[in-house]
Structure formats: structure tokens, C-alpha cells
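>>> Okay, sequence plus prediction incoming.
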Amino acid sequence: MKSMDCNGTRSNVAGQATGSVLEIGFGSGYNILFYGKIDKLYALEPSIELYNLAKDRVSAASFPVEYISNSAENIPLPDHSIDTVVSTWVFCSIPDAIKALKEIGRVLKPAGRFVFVEHGRTTHGFFSKLQDLLTPLMRLINGNCHLNRKIDDLIAKAGFEFVTLEKFPEAGRPLMFSYRGVAIKKQH
């Protein structure tokens with residue numbers, strides 16, 4: 001399972017989930033192996049084809065999994081119903097990232113946590129300019145992938161504050177810059 005864990009990143013992120021969990025962009029279910037003791041997983045994934053690739057992982061899970069065929073901009077769950085929201089490398093391709101993040105805030109319980117790892121805009125000047133140049137092409141050929149989204153700014157703009165935040169370049173991949181952390185809703 002090491003290749004699916006991306007150097008421990010999936011287990012680090014999914015392993016922090018507790019209680020009732022919503023995974024944004026469930027895809028083919030790679031994170032399912034890394035969840036600890038959770039009550040239930042809501043697997044939000046607009047592509048039934050990707051979700052169907054996860055059937056074996058879902059059937060082997062030690063917790064109930066409910067598939068939600070929808071986009072993250074419109075999460076069909078009640079307000080304040082989720083303990084943890086997890087995302088791993090999906091916010092590059094969500095058409096309206098701010099709307100999706102606000103939906104996450106809506107469904108999280110007051111003490112809920114958003115646990116994530118995402119790639120986005122690098123802090124290196126030359127490579128950030130290169131990301132800007134390549135993003136239109138990447139959006140066309142790689143499922144709407146925006147290489148240049150400043151993930152921490154988007155999360156903060158949507159009404160979250162960071163409990164933890166790491167920003168780091170991916171080894172050997174100069175255009176891949178990662179943001180990993182935990183965010184909670186700002187208390188008003």
C-alpha cells in the first residue's frame with residue numbers, strides 16, 4: 001500500500017479524521033485504507049466511474065460508507081452534521097473552490113475540523129510564473145487542474161483559521177507545491 005500512501009501523506013491526513021467524516025473528491029477510494037476508527041464516511045464524488053473503481057475498498061471498510069454523487073459546491077448534507085472533512089489533492093480541479101470551502105464550513109459541526117493536503121501556487125517566483133503560464137493548458141488536459149491556486153488564501157477567505165499549516169515543495173517536482181494542515185471555522 002506504500003505507493004498509494006504518497007510517502008505517508010494520505011495516512012497522515014486521513015488518519016486524523018474522527019467521528020462522522022466527509023471526504024471531498026473520494027475518487028477511487030485510496031484514502032479509505034488510512035482512516036482510523038471513524039463512525040461513518042460520506043464519499044463525495046461526482047464521477048460514478050471513479051467511485052466504481054473503489055467498490056472493493058468500500059466493501060472491505062470497517063465502517064459504513066455512503067456514496068454521494070455530487071460536486072463539492074453543493075453538499076447535500078445538513079448544517080453542522082460532520083465532525084471531520086478530508087480532502088487530498090482535489091481543490092486544484094473544483095470549479096468554484098470558495099463555494100466548496102464555504103459548503104465545508106456549513107456542514108462542519110462547531111468543533112469540526114477540515115484536514116487537507118492540496119497542491120497549489122509555489123512561493124518560488126520563477127516557478128510561480130511558470131505555473132501561471134501552464135495552468136490554462138493543464139486545465140484543458142488534466143481535469144481542470146489549476147497549478148497556481150493559493151490554497152491557504154482560499155481556505156482563509158472561506159472563513160477558516162489554521163490550527164496547523166505546512167507549505168513545502170514536492171521533491172523532484174518543481175511545479176508541485178503542497179499545503180497540508182488542519183483548519184477550523186473562525187468563531188465570530
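Structure received.
>>> where along the chain do the strands fall?
19-24, 38-44, 65-68, 82-88, 108-120, 160-170, 173-185 (DSSP state E).
>>> can you tell which of the ones you listed is closest to Lys150?
With respect to Lys150, and counting by CB to CB, the nearest of the strands of the chain is strand 108-120 at 5.9 Å. C-betas here are computed from N, CA, C, even on glycine.
>>> residues of that closest one that come out buried?
Across strand 108-120, burial judged by 16 or more other CB atoms under 10 Å covers Leu108, Gly112, Arg113, Phe114, Val115, Phe116, Val117, Glu118, His119, Gly120.
>>> What pLDDT is listed against the closest residue to Ala158 other than its chain neighbours?
Using CB to CB, 6 or more residues apart in numbering and skipping residues adjacent in sequence, the residue nearest Ala158 is Leu101, 3.4 Å away. For Leu101, the model assigns a pLDDT of 98.
>>> what's the distance between Leu101 and Thr122?
Remark: distance between Leu101 and Thr122 (CB to CB, to the nearest Å) = 21 Å.
>>> buried ones in the helix-or-strand element of the chain with minimal mean pLDDT?
Between all helices and strands in the chain, the lowest mean by mean pLDDT, DSSP states H and E belongs to helix 125-141, at a mean of 81. Of the residues in helix 125-141, those buried by neighbour count under the rule 16+ other CB under 10 Å are Phe127, Ser128, Leu130, Gln131, Thr135, Met138.
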